[in-house]
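Q: sequence first, predicted model second:
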Amino acid sequence: MENIQEAVTAKIRQNPKFQTLVERRGRFAWTLAAIVLVLFYGFVMVVAFSPAVLGTPLMEGSHITVGLSAVLFIFVFSWLLTAYYVRRANSEFDALTKDIVNQAWQEARQ
Amino acid sequence: MKTPRALIFNLALLAPVSAIAGPAIEATEKQGINLHAIVMFIIFVGMTLGITYWAARRTKSTSDFYTAGGGITGFQNGLAIAGDYMSAATLLGLTAMVYTQGYDGYIYMIAFFVGWPIILFLMAERLRNLGRFTFADITSYRLDQGKVRTMAAISSLTVVCFYLIAQMVGAGQLIKLLFGLDYNVAIVVVGALMVVYVIFGGMIATTWVQIIKACMLLAGGTLVMLLAFSQFDFSIENLLEKAMSVHKLGPKLVYPGSLLADPVTAISLGLGLMFGTAGLPHILMRFFTVADAKEARKSVLYASGFVAYFFNVILIMGLCAIIIVGQNPDFFEGGTLGAKVVGGGNMIAMHLAKAVGGDLLLGFLAAVAFATILAVVSGLALAGASAISHDLYSRVIMKGQASEANEMRVSKIATICLGIVAITLGILFEKQNIAFMVGLAFGVAAAANFPVLILSMYWKGLTTRGALVGGYGGLISAVLFVVFSKSVWVDVLGNAAPLFPYTQPALFAMPIAFLSAYVFSKLDASKRAAEEIDAFEAQYVRAQTGYGAAKAAAH
């Protein structure tokens, strides 16, 4: 049992598709993470250094400010990114993973 | 006499985290018995005990006990995570924060939320693929089991104990206030129910208690929000205009105030909230209760959706309360507007419920708050018990040779001990200023648990020596930064000036942990270190594909 597991692991590692999976998913995840981090810490910087901007009305005569809209935007947008990630990871990446593991199984048993 | 505004304000400045993560600590007056609340709470307890009875019959193995056999769906787990994340103080503290500080409350909520997408992108699937019962399974995967698990268990128990005491003391105060129960009685009731849920029902019961509570919280909050918002014709323009016209801050209500004016504090708080969340043992444990990485990802999607929704509900509630509660003399001591709010600042959400839905809605919301505390402490107790029984007893002391029956027995004894500790310390700390405890729990989670966890998953070069120095370094520095900060050094120990000028340790303690883990791993030229680095390959394949991961055993 141990041996077959090791063999399968080695086969997975050798499969060029594994490299593709790791690179593609890694790039995707880090890009989304970077977007959220830049958005949030960018916002924190505005709060710290230029708070008056956030208090200005979004439109002439409105009570809704830039700041309120910005936070709501971060809530909605980062949640949408979450949904996007889950969608792609649960379909495309999981299919690729399954493919790689099955192939490794076949090869290891031979 | 302090105005409620000043109270909340101080609280927010001293330990912003405590405003959310633990019920705010204020001396509270015992109120008259609240019958509606008690009846509804008894219904809740009856339901959850029924579930515990049902769960007890399904809890046979350690896997059932720690992780509900991996049989929780992504949606259920999402609700449970949201439940773990939103404590009573989320409802009470944040509503009060919007009521007194307006926009700052909203900034605070986004800081509290934004860690979730990051956890999903960078951690969720690796956590599920590598972990089994506790996060120490991951950190010790290719390192020295005994030493690394001992460290993880110590920092987990530190987080759990401080968080638990903060919750217990907050619970006692809150229940005294809402239900008119004696403080000690409240503490014993909370502690005893927590022990019953955990020892009989394990993770299955704990998860379902959490799910029911999350639904009650979402429903209760939404109902109050809709009733209140209807008085402004569901127009946000209308609501903001009226709120600004009556609030002390006037148009400044929608400006960033002083909460995050200092960039160092702002960034440190942001880091602490974001990465502290990713290092809380009871939250991490939730990733092991689902079948696979697919469900783990869905859990985060649902959890973050519920949390984001609820935070926006709280914004509307807080703004409505400015007019509905803030302009009603009945809610102020002596019937004078602007005097101390009856029951203290944290009662704003409760007063709003009463104003828009009468005693029945007030009773419901009070029962929700009590249920919330119970669910959160149960999750903490289970996480603490598993650090003792799974990590320390089974893996470190018995070196993996413990029988399942013995491990279960130890986990139950550990739960009872944690219950006794929680009750005793909860009673001892009644009159103490414990605002620092939640800050400490988050600080340790961010500086001791998180760095070692993320390095063990991402960095091939991590060795046992690096992990130990990094982990203990983060733990000790986080504790010292909190002890030397204003919230302990001045407020608890009574010194004149703090030794450490900031209240948030994360920005300082996290680099210490990462740097020392890196340097000591690099300097480690032992044979053992070379083997550990080689072992990363196999771990990496499993982390990426889930091949060889602990499958959800369908018992």
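A: Now that the structure is in, tell me what you want to look at.

Q: quick one: low-confidence ranges for chain A?
A: Scanning chain A for pLDDT under 70 picks out the ranges A:1-2.

Q: scratch that, chain B is what I was asking about
A: Those would be B:1-32, B:259-261, B:434-435, B:550-555, if you go by pLDDT under 70 across chain B.

Q: which strands or helices does the longest helix along it pack on?
A: What stands out as the longest helix in chain B, according to DSSP state H, is helix B:183-230. Counting contacts by 3 or more CB pairs under 8 Å, 6 or more residues apart in numbering or on different chains; DSSP states H and E, helix B:183-230 packs against helix B:35-58, helix B:62-67, helix B:74-85, helix B:145-179, helix B:293-324, helix B:348-386, helix B:404-428. In short, each C-beta sits where N, CA and C put it, glycine included.

Q: just the angle between it and helix B:348-386, please?
A: Interaxial angle, helix B:183-230 versus helix B:348-386 (axes from the mean of the first three to the mean of the last three CA atoms, to 10 degrees): 130 degrees.

Q: share the number of residues neighbouring residue 48, please.
A: All of this is about chain A. Neighbours of A:Ala48 under the rule other CB atoms under 10 Å in any protein chain shown: 17.

Q: that answer is for a different chain, and I need it for chain B
A: Number of residues near B:Thr48 (other CB under 10 Å) recorded here: 26.

Q: against chain A, how distant is B:Arg132?
A: Distance of B:Arg132 to chain A, given as CB to the nearest CB, to the nearest Å: 16 Å.

Q: assign a three-state SS to that residue, would you?
A: State at B:Arg132, reduced to three classes by DSSP: H, G, I helix; E, B strand; the rest coil: coil.

Q: just checking, B:Pro281 touches B:Ser156?
A: Yes. If you go by CB atoms under 8 Å, B:Pro281 and B:Ser156 touch, sitting 4.3 Å apart.

Q: got any residues that touch both of those two?
A: B:Thr134, B:Phe135, B:Ala383, B:Gly384, B:Ala387, B:Asn449 (CB atoms under 8 Å, 6 or more residues apart in numbering or on different chains).

Q: contacts only, for the first one.
A: With contact taken as CB under 8 Å, 6+ apart, B:Thr134 is in contact with B:Tyr66, B:Ala152, B:Ser156, B:Pro281, B:Leu284, B:Met285, B:Phe288, B:Ala383, B:Ser386, B:Ala387, B:His390, B:Asp391.

Q: A:Glu60 is nearest to which of the helices and strands packed on helix B:183-230?
A: Comparing these against A:Glu60 with CB to CB, the closest turns out to be helix B:293-324 (22.0 Å).

Q: just to revisit the earlier point, which of the helices and strands packed on helix B:183-230 sits closest to A:Leu58?
A: Here helix B:293-324 is closest among the helices and strands packed on helix B:183-230 (CB to CB), at 16.0 Å.

Q: distance from the chain centre to the closest one, please.
A: Centre-to-centre, helix B:293-324 and its host chain are 15 Å apart (CA atoms, centre = their mean, to the nearest Å).

Q: is that helix up against chain A anywhere?
A: Yes. Using CB under 8 Å from any CB of the partner chain, we find that helix B:293-324 touches chain A at B:Ala293, B:Lys294, B:Arg297, B:Lys298, B:Val300, B:Leu301, B:Ser304, B:Gly305, B:Ala308, B:Phe311, B:Asn312.

Q: circling back: so for B:Pro281 and B:Ser156, which sits in the more crowded spot?
A: Neighbours per residue (other CB under 10 Å) separate B:Pro281 from B:Ser156, with B:Ser156 holding more: 31 against 27.

Q: for B:Ala509, list the residues it contacts.
A: Listed by CB under 8 Å, 6+ apart, the contact set of B:Ala509 reads B:Gly443, B:Ala446, B:Ala447, B:Gly474, B:Ser477, B:Ala478, B:Phe481.

Q: for chain A, which segments count as helices?
A: So, for chain A - with DSSP H - the helices run A:2-14, A:16-49, A:51-55, A:66-88, A:94-109.

Q: returning to what we had before: check the contacts of B:Thr134 one by one and keep those near chain A.
A: With CB under 8 Å from any CB as the criterion, those include none near chain A.

Q: ok, and the most crowded of those residues?
A: With neighbours taken as other CB under 10 Å, the top of these is B:Ser386, carrying 33 neighbours.

Q: isn't that residue up against B:Lys412?
A: No. Using CB under 8 Å as the test, B:Ser386 is too far from B:Lys412 to be in contact (11.5 Å).

Q: which residue, other than its chain neighbours, is closest to the residue nearest the centre of chain A?
A: What sits nearest the mean C-alpha location of chain A, by CA atoms, centre = their mean, is A:Ala29, with 3.2 Å. Closest residue to A:Ala29 apart from its sequence neighbours, by CB to CB, 6 or more residues apart in numbering or on different chains: B:Phe121 at 4.3 Å.

Q: number of nearby residues for the residue nearest to B:Leu178 when sequence neighbours are not counted?
A: Leaving aside its chain neighbours, B:Leu178 sits nearest to B:Ala366 (4.1 Å; criterion: CB to CB, 6+ apart). When counting by other CB under 10 Å, one arrives at 26 neighbours for B:Ala366.

Q: how near is B:Ala366 to B:Leu239?
A: 25 Å (CB to CB, to the nearest Å).

Q: buried ones in stretch B:528-543?
A: Neighbour counts over stretch B:528-543 (16 or more other CB atoms under 10 Å in any protein chain shown) mark B:Ala529, B:Glu532, B:Ile533, B:Phe536, B:Ala538, B:Gln539, B:Tyr540, B:Val541, B:Arg542, B:Ala543 as buried.

Q: what's the distance between it and the middle of its chain?
A: 33 Å.

Q: so which residue of the stretch 351-500 of chain B comes closest to chain A?
A: Nearest residue of the stretch 351-500 of chain B to chain A, counting by CB to the nearest CB: B:Tyr458, 10.1 Å away.

Q: show me the contacts for A:Tyr41.
A: With contact set as CB under 8 Å, 6+ apart, A:Tyr41 has these partners: B:Ile267, B:Gly270.

Q: before we move on, what about A:Thr82?
A: A:Thr82 neighbours (CB under 8 Å, 6+ apart): B:Trp116, B:Pro117, B:Leu120, B:Val300, B:Leu301, B:Ser304, B:Gly305.

Q: and for B:Asn495?
A: B:Trp489.

Q: tell me the phi and psi of it?
A: In terms of degrees, to the nearest 10, the main-chain angles of B:Asn495 are phi -80, psi 160.
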